[in-house]
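S.K.: turn this into a model:
(chains A and B)
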Amino acid sequence: MEKQKYYITTAIAYTSRKPHIGNVYDPVLADAIARFKRMAGFDVFYLTGSDEHGQKIEELAKEAGISPKEYVDGVAAQIKDVWDCMNVSYDRFIRTTDADHEAAVEKIFQKLLEKGDIYKGEYEGKYCVPCESFFTASQLGEGGVCPDCGRPVTDAKEEAYFLRLSKYADRLVQYYEENPEFFAPLSRKAEMVNNFIKPGLADLCVSRSTFSWGVKVKEDPRHVIYVWIDALSNYITGVGFDPDGSKPSFDHYWPADLHVIGKDIVRFHTIYWPILLMALDLPLPKRVLGHPWVLVGEDKMSKSKGNVLYADELAEIFGVDAVRYYLLSEIPFAQDGSITYESMIAKFNSDLANTLGNLVSRSVAMADKYFGGKLSRPVAFDDEIDQDLIACEKKTFETLNQSIDNLHVGDGVNAVMDFAKRCNKYIDETMPWALAKDEAQKARLEAVLYNLLESIRRIAVMLYPFMPATADAIHTALNLTTGHTLEEVTAPFGLVEAFAVTPCQPLFARIDADKLIKELTEKEKAKKKAEKEAKKAQKKEEAAPAGPCTFDDFCKIELVCAKVLECENVPKSEKLLRFRLDVGDEERQVLSGIAKFYKPEELLGKNLVLVKNLLPRKLMGYESHGMLLSSEAEGVLRVLILDPETPAGARIG
RNA sequence: CGCGGGGUAGAGCAGUUGGUAGCUCGUCGGGCUCAUAACCCGGAGGUCGUGUGGUUCAAGUCCCACCCCCGCAACCA
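M.R.: Residues are numbered from 1 along each chain as shown, chains lettered A, B, ... in the order given. Now for the predicted structure:
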């Protein structure tokens, strides 16, 4: 019998920088589903990869002083490493710079152009000349200026290619209606229909000519094919699509059974992508799962906030499976989830160490202690307590199966963990240590321990899609080499004839939360400090070799005498003093980092040297308009104090 | 009146077609000793954002009004 196919994809990761824990959610979620489907006997193809074209990449490469290709090679390798580190079992890691992909995208564009679904038109918008970029009205900054440089924009037109969306709008809506499963969660449908389809679909501009890093339009190489056409096409090129004749694998796997993506790009996958496919006369994907985001605490991760968590760093502390487990069990289906070191530790200790790890540990230890690790299958499972346990296990699998079906992956993992709890309870109900004291109960004791190990084995099988390494570790502890097919849990309870186990290391050692948090914050502090110092050193280095300074250059610096009117410490700051200065024609607020060396009152009324025309800067929430000069020797700062007779505002030169 | 999501115990969430308010963590008390100071049982804790609102025999659940939070608005998973 031929296996049923299951084609699953993730969003391809943008190669702008190293992926963080949120980026990893997507492939991990898809991985759990892919692994489950494989266990269920499906012929699974799991596609993931990286999106490598676009203006941003071009810019980043330029900044780094390397070619775009060199740049994306570096980041794509990083992405792949992180995916591999997280044990993501993809069948292909596609890069949009792969030759087969680029060739196919070029042809796809060409084909649609010939068909008339893509046409050449004019793009009208606001244009910033210095930045050479177009913006839509909504992108503009306050007052209608360029969001990048703040300068005014002009109306401009540019030749561009467009995809006819309106032509397919009705068919798209019809598809939505006929396939209620297409959207997961369903709420995303209303979002799309209300926001984009109801107002009317404007044709989509699918080319750019302001940068060149991308797939060029064949007959018009000034134009680069819009990144989304390029990126979305990976789902078909990844399995061998070619407008001139696809590989058999394409006909076999397409249409995709599931696209796993983040909620922010649902629009691209449920509107543009289906339309693109319709234009190509290809069947549409069956489902699109738009998952929520992983926040750090309450905030979105961002570099500027400094709250970015990386999967590989977390894995180093907690282990890969713990990170996978957290993502899969703790992130809700339709709402943004949250991760912090604290919540990660809590989950690790309560679920992995206490419930699961300890269950395995105590069960194996008893099997070893009372029977030298050797247990045979009991003749019957008719004890009431046993039957309840077995029924519970059966229910667990049903829940798991259903959860994967309706994509509530978290419910599935949690069901398995609930069963582990049930097993802990079983130990209390049966009290093996009490049975062990009575020789007459030996058979019962053996049955109880067998039931436990058989339950644990089933837990391991069910856990495999979520925590593959842990599942394997449990099998190893049970001296088994199986564990990768669902038949091993759909078979009646009591599949294994006899166990022969040996005591094992704890699967998850409990974490001392306070200690770890302390270590982490100290590490973080040290890291920040090092970064700061490196930056400072670099700045100094840049500033130092200025060479001889012309008189004209010197004259650019406006030094004046400033009389201190007020001086006080800046709250919460070790170094800063806040001054109000009389500089002759005006009064100014200036901050200076000399609090360690002077008491505010010492400087009151003194005449100091101020760099008057320095650009203002914000320090600890205060604007500083200028800089006070001081000498530095052996780390001690001494401000330059002028003759008391010097009038405020007097030019120094 | 842009669109969408959310507001349920200290925290994080579930609550399917309306029928006695649940789960996990934490907390308090008890039990047990096989195990990773773990495990098991029990208690306390909620006027389910607000409304003397509406429908109903019955509303967290449907309808209405209002308040607050968050996301999106054509290259952020």
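S.K.: what pLDDT does residue A:230 get?
M.R.: With respect to pLDDT, residue A:230 scores 92.
S.K.: show me what contacts it?
M.R.: Residues in contact with residue A:230 (CB atoms under 8 Å, 6 or more residues apart in numbering) are A:51, A:53, A:96, A:105, A:214-215. Every residue, glycine included, has its C-beta placed from N, CA and C.
S.K.: what does residue A:94 give?
M.R.: Contact analysis of residue A:94 by CB under 8 Å, 6+ apart lists A:12, A:47-50, A:101, A:234, A:237-238.
S.K.: take the contacts of residue A:230 and keep only those in strands.
M.R.: Using DSSP state E, the subset of the contacts of residue A:230 located in strands is residue A:51.
S.K.: ok, back up a step: among the contacts of residue A:94, which are in strands?
M.R.: Among the contacts of residue A:94, DSSP E puts A:47-50 in strands.
S.K.: within the helices and strands, which one has residue A:645?
M.R.: Using DSSP states H and E, residue A:645 maps to neither a helix nor a strand.
S.K.: next one: it from RNA strand B, what distance?
M.R.: 56 Å (CB to the nearest atom of the strand, to the nearest Å).
S.K.: go on, residue A:431?
M.R.: Applying CB to the nearest atom of the strand, the value for residue A:431 to RNA strand B is 7 Å.
S.K.: cool, residue A:173 as well?
M.R.: For residue A:173 relative to RNA strand B (CB to the nearest atom of the strand), the value is 15 Å.
S.K.: mind checking the SS state of that residue?
M.R.: Under DSSP: H, G, I helix; E, B strand; the rest coil, residue A:173 falls in the helix class.
S.K.: which among the ones in strands among the contacts of residue A:94 end up buried?
M.R.: Neighbour counting with 16 or more other CB atoms under 10 Å marks A:47-50 as buried within these.
S.K.: once you drop chain neighbours, what's closest to residue A:416?
M.R.: Distances taken as CB to CB, 6 or more residues apart in numbering place residue A:462 nearest to residue A:416, at 4.7 Å, with adjacent residues excluded.
S.K.: contacts only, for that neighbour.
M.R.: Per CB under 8 Å, 6+ apart, neighbours of residue A:462: A:396-397, A:400, A:416, A:419, A:489.
S.K.: the contacts of residue A:230 in helices, which ones?
M.R.: Per DSSP state H, helices hold the following members of the contacts of residue A:230: residue A:105.
S.K.: returning to what we had before: out of the contacts of residue A:462, who's nearest residue A:334?
M.R.: Nearest to residue A:334 among the contacts of residue A:462, counting by CB to CB, is residue A:400 at 19.7 Å.
S.K.: which residues are contacting the helix or strand encompassing that closest one?
M.R.: Assessed by DSSP H and E, residue A:400 sits inside helix A:384-405. Here helix A:384-405 makes contact (CB under 8 Å, 6+ apart) with A:32-33, A:36-37, A:381, A:409-412, A:415-416, A:418-419, A:422-423, A:426, A:429-430, A:447-448, A:451, A:455, A:458, A:462, A:465, A:489-490, A:493.
S.K.: how about stretch A:593-608?
M.R.: Contacts of stretch A:593-608 (CB under 8 Å, 6+ apart): A:561-564, A:566-570, A:573-577, A:579, A:581, A:628-630, A:636-644, A:646, A:648.
S.K.: and if you look at stretch A:73-86?
M.R.: A:13, A:15-19, A:24, A:27-28, A:31, A:48, A:50, A:52, A:90, A:93, A:95, A:97, A:310-312, A:315, A:320, A:323-324.
S.K.: okay, and the residue nearest to residue A:416 sits in which element?
M.R.: Residue A:462 belongs to helix A:442-463, assigned by DSSP H and E.
S.K.: save the contacts of residue A:462 as JSON lines, and put in neighbour count, pLDDT and distance to RNA strand B too.
M.R.: What follows is the contacts of residue A:462, written out as JSON lines (neighbours: other CB atoms under 10 Å; pLDDT from 0 to 100; distance: CB to the nearest atom of the strand, whole Å):
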{"residue": "A:396", "neighbour count": "23", "pLDDT": "93", "distance to RNA strand B": "14"}
{"residue": "A:397", "neighbour count": "19", "pLDDT": "94", "distance to RNA strand B": "19"}
{"residue": "A:400", "neighbour count": "25", "pLDDT": "92", "distance to RNA strand B": "16"}
{"residue": "A:416", "neighbour count": "26", "pLDDT": "95", "distance to RNA strand B": "13"}
{"residue": "A:419", "neighbour count": "24", "pLDDT": "95", "distance to RNA strand B": "11"}
{"residue": "A:489", "neighbour count": "23", "pLDDT": "95", "distance to RNA strand B": "21"}
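S.K.: and residue A:199, how far from RNA strand B?
M.R.: Residue A:199 is 8 Å from RNA strand B, by CB to the nearest atom of the strand.
S.K.: around the closest residue to residue A:576 other than its chain neighbours, how many other residues sit close by?
M.R.: Excluding the flanking residues, the one nearest residue A:576 by CB to CB, 6+ apart is residue A:570, at 4.0 Å. By the measure other CB atoms under 10 Å, the count of residues near residue A:570 is 18.
S.K.: ok, the closest residue to residue A:426 other than its chain neighbours - how many residues close by?
M.R.: In space, and not counting its chain neighbours, residue A:426 is closest to residue A:389: 5.2 Å by CB to CB, 6+ apart. By the criterion of other CB under 10 Å, residue A:389 has 25 neighbours.
S.K.: and residue A:428, how many neighbours?
M.R.: There are 8 residues near residue A:428, going by other CB under 10 Å.
S.K.: that one: what secondary structure?
M.R.: helix.
S.K.: what about the residue lying closest to residue A:11 once chain neighbours are set aside, which helix or strand?
M.R.: Computed as CB to CB, 6+ apart, the closest residue to residue A:11 that is not its neighbour in sequence is residue A:261, at 4.4 Å. Per DSSP H and E: residue A:261 is located in strand A:258-262.
S.K.: for the following helix or strand past that strand, name the packing helices and strands.
M.R.: Counting by DSSP H and E, the element after strand A:258-262 in chain order, helix or strand, is helix A:266-267. When contacts are defined as 3 or more CB pairs under 8 Å, 6 or more residues apart in numbering; DSSP states H and E, helix A:266-267 packs onto helix A:187-192.
S.K.: in the helix it packs on, what's buried?
M.R.: For helix A:187-192, by 16+ other CB under 10 Å, it's A:188-189, A:192.
S.K.: does RNA strand B sit close to the very next helix or strand once past it?
M.R.: Note on helix A:187-192: by DSSP H and E, the next helix or strand toward the C-terminus is strand A:204-205. Yes. Strand A:204-205 comes into contact with RNA strand B (CB under 7 Å from any atom of the strand), by way of residue A:204.
S.K.: pairing partners for strand A:204-205, with directions?
M.R.: Paired with strand A:204-205 in the same sheet, following DSSP bridges, are strand A:154-163 (antiparallel).
S.K.: mind checking how far the strand it pairs with is from the chain centre?
M.R.: 34 Å (CA atoms, centre = their mean, to the nearest Å).
S.K.: of the buried residues of helix A:187-192, closest to RNA strand B?
M.R.: The nearest member of the buried residues of helix A:187-192 to RNA strand B, counting by CB to the nearest atom of the strand, is residue A:188 at 7.3 Å.
S.K.: so that closest one touches residue A:264, yeah?
M.R.: No. Contact between residue A:188 and residue A:264 fails when scored by CB atoms under 8 Å: they sit 11.1 Å apart.
S.K.: mutual contacts of those two, please.
M.R.: In contact with both residue A:188 and residue A:264: no residue, using CB under 8 Å, 6+ apart.
S.K.: can you list the domains in chain A?
M.R.: A:346-500, A:512-544, A:551-652 (automatic domain parsing).
S.K.: most tightly packed of those domains?
M.R.: Highest mean neighbour count among the domains of chain A (mean count of other CB atoms under 10 Å): domain A:346-500, with a mean of 18.
S.K.: show the contacting residues for residue A:473.
M.R.: A:504, A:507 are the contacts of residue A:473 under CB under 8 Å, 6+ apart.
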